[in-house]
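Enquirer: Quick one, structure for this:
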Amino acid sequence: GFDTFGDEEFDVKKWVNDQVKASRLDEGSKGAEEYLSTLAVKLQLQSQSANKAIDESGSKLLSELPTALADLNTLGRDASILAHQVAQVLDKVSEVERSGHQTLAALSTLDAIKARMEECAHTLSEAESVSKNLGQIEGLFQADDMRSIAAQLGGLRRGLEAMGSLDEFSDAAARLAAFEDRLEKRVSSKLKQGFEQHDAAAIRDCLDIYEQMKRRDVLIARYVQARKGEVLKAV
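Expert: Next comes the predicted model:
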């Protein structure tokens, strides 16, 4: 239940990992993506409810204390008020202060729960996106759509970085690197062909893909190889 988020020992990564693992066992790959997306939305709604409760409780606390203090100031100006009436107002102020401390403590706990829910929702969304991207990339390779592959791999890399380390995605980084290696081989062939045919548009496309993969060092090496080949042919 959502009371889990109030536990001081709560671990966001472990909770998300457990949800991913359970969804894969119960729902399968495609069902897991839908389950994670739905769970992320539920958490966002719960977080919004918690935020509303914080705002309402905070406003109530701020409105009660000035009223009690105003009562005390009014009594202070009237010397004919009996001592026990003053004591009653002081008790009221003390009660509001005690209630205020309790409210602040509750608000602090609620705010921590809200923050954990938001972090879990964000991580779940990233996990759902990573899972979806991993399932789509192979089809793009079959279609030889290098621009779409590069964009998909870029989204996958950003998702893994945002999600952090999760046991259920322990192989995702290795799969990403393998996909990037496959793409790089295809792009390097297109780049070489572009140099040979002096095709500026093709070369520019290849450069953009290398930039998306953050493989500028490989790009430089491929460029040197291509230019070296042209020089040797000229000789």
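
Enquirer: The residue nearest to residue 16 when sequence neighbours are not counted: what secondary structure?
Expert: Leaving aside its chain neighbours, residue 16 sits nearest to residue 123 (4.7 Å; criterion: C-beta to C-beta, 6 or more residues apart in numbering). Just so you know, the C-beta spots here come from the backbone N, C-alpha and C atoms, and that holds for glycine as well. Here residue 123 is helix, with the state taken from DSSP: H, G, I helix; E, B strand; the rest coil.

Enquirer: Residue 152: neighbour count?
Expert: 20 (other C-beta atoms under 10 Å).

Enquirer: Next, the contact list for it, please.
Expert: 133, 136-137, 140 (C-beta atoms under 8 Å, 6 or more residues apart in numbering).

Enquirer: What ranges does the chain have for its helices?
Expert: Counting by DSSP state H, the chain has helices at residues 12-77, 83-143, 146-163, 172-197, 200-212, 216-234.

Enquirer: For this structure, which residues score under the pLDDT cut-off?
Expert: Along the chain, segments meeting pLDDT under 70 span 1-3, 26-32, 50, 53-54, 57-109, 227-235.

Enquirer: Most neighbours among the contacts of residue 152, which one is it?
Expert: Neighbour-wise, the contacts of residue 152 (other C-beta under 10 Å) top out at residue 133, 21 neighbours.

Enquirer: How about the contacts made by it?
Expert: 152, 155-156, 159.

Enquirer: quick one on the thing from earlier: please look at the residue nearest to residue 16 and residue 164 and confirm they touch.
Expert: Yes - look at residue 123 against residue 164 with C-beta atoms under 8 Å: they come within range, at 7.5 Å.

Enquirer: circling back to that earlier point, buried subset of the contacts of residue 133?
Expert: Among these, those buried by neighbour count (16 or more other C-beta atoms under 10 Å) are 152, 156, 159.

Enquirer: Dump the residues you listed to a markdown table, plus distance to residue 188.
Expert: Output for those, formatted as a markdown table (distance: C-beta to C-beta, whole Å):
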| residue | distance to residue 188 |
| --- | --- |
| 152 | 19 |
| 156 | 21 |
| 159 | 26 |
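
Enquirer: residues touching residue 25, list them.
Expert: Residue 25 neighbours (C-beta under 8 Å, 6+ apart): none.

Enquirer: Run a quick neighbour tally on the closest residue to residue 128 other than its chain neighbours.
Expert: For residue 128, ignoring the flanking residues on the chain, the nearest one in space by C-beta to C-beta, 6+ apart is residue 36 at 4.0 Å. By other C-beta under 10 Å, the residues close to residue 36 number 26.
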